[in-house]
Structures are given as structure tokens and as C-alpha cells.
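Participant: sequence and predicted structure below; questions after.
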Amino acid sequence: MFGSLESLVELSGAAFLDLYAGSGAIGFEALSRGAARVTFVERDGDAVKVIRDNARALGVEAACRIEAVGVAKFLGRPAAGAMDVVFLDPPYAQSVDSDLRLLTAHGWLGPESVVVVERDTRSAEPEWPSGLEPVAHKVYGETGLWYARAADVT
């Protein structure tokens, strides 16, 4: 995934938003590839503890913001600043369409932001709202990744 992502956006110095973060593996990988900061959003308390423990063990606590809240509630807030990369990996049966609308409606994206959605390969392509243009679709085994770039974000 990161090879494809790095062909679309510069990770060095990037602000990375890891939604449905789970253990935080994707966000920590982004930090290892040069992201300046990662916001992890995960509502499961056990997973939040794992993210905190991993951040501490890796010595990257200062670059991590951990939000123990549901994604819809988090994205429903006005953004403090645009994210360069947003990664969404919800449970495969769950739609991301409302999350994508919230991203574009509340200032989470800048003009060059990239959004990556991970889904099961049998899942339909996300319904990209106005302001997000699909740019790539990659398949890795049973996993599908959809990439979009922010366009005409105001």
C-alpha cells in the first residue's frame, strides 16, 4: 500500500489520519516513512491501549494524537487543520460513504490530500462525494484499496 501511496503524495512531513486505527500499524508505518504526525481514531478501549503502548515503545508519543472516539463523531467536528493522507479501514461490512462526506464537509482535506479506503475485494467502490476524485484501485489478495485525491476542496 505505501508504495502506491508514495507515488501520489509526499509522506515526509505529512499529517496522517488513521481512521478505524485498530492496533495503529498503518499509522506507525506512516511515521516510519517520514510522516510528521499521525492522528489515530479508534473507539475500542483495548485497541486504544495497544496504540498508546506501541507509541511509547517506539518513542513516538510526541508525534501521535490518539482519539478514543467513534469515527463519525470525530469527523463531525471541525478540523483543526487539513490532513495530507487519510486512511480508512473499517470493518469490511461497514460503509464508508458517510465518513467520506464528513471528510469533505468539515475541513479535513486540503487541495492535495489523498484518501485511501481499504475494503474486501467483493465490496463496491466507495461513493466518492464531490471534492474527491478516484485515482487508483489496487487489489492485494482479498483486500482492495481505493485511492482518491481531494479536488476543489473549499
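Facilitator: On my side now, so go ahead. A quick note: this is a predicted structure, and the numbers were derived from the prediction, not measured.
Participant: C-alpha only now, for contacts and for neighbours.
Facilitator: Will do.
Participant: and the closest residue to residue 138 other than its chain neighbours, what does it touch?
Facilitator: In space, and not counting its chain neighbours, residue 138 is closest to residue 145: 5.2 Å by C-alpha to C-alpha, 6 or more residues apart in numbering. By C-alpha atoms under 8 Å, 6 or more residues apart in numbering, residue 145 lies in contact with 1, 116, 117, 118, 119, 137, 138, 139.
Participant: contact partners of stretch 37-53?
Facilitator: 13-24, 27-28, 30-31, 61, 63-71, 74.
Participant: tell me the buried residues in the lengthiest strand in the chain?
Facilitator: The single longest strand within the chain, with elements called by DSSP state E, is strand 109-120. Residues of strand 109-120 classed as buried by neighbour count (16 or more other C-alpha atoms under 10 Å): 109, 110, 111, 112, 113, 114, 115, 116, 117, 118, 119, 120.
Participant: possible to save those residues as a markdown table with pLDDT and distance to residue 96?
Facilitator: Formatted as a markdown table, these follow (pLDDT from 0 to 100; distance: C-alpha to C-alpha, whole Å):
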| residue | pLDDT | distance to residue 96 |
| --- | --- | --- |
| 109 | 95 | 16 |
| 110 | 91 | 19 |
| 111 | 87 | 21 |
| 112 | 89 | 21 |
| 113 | 95 | 17 |
| 114 | 96 | 15 |
| 115 | 97 | 12 |
| 116 | 97 | 11 |
| 117 | 96 | 8 |
| 118 | 93 | 10 |
| 119 | 90 | 9 |
| 120 | 87 | 12 |
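Participant: wait, which of the residues you listed is closest to residue 89?
Facilitator: residue 118 (5.0 Å; C-alpha to C-alpha).
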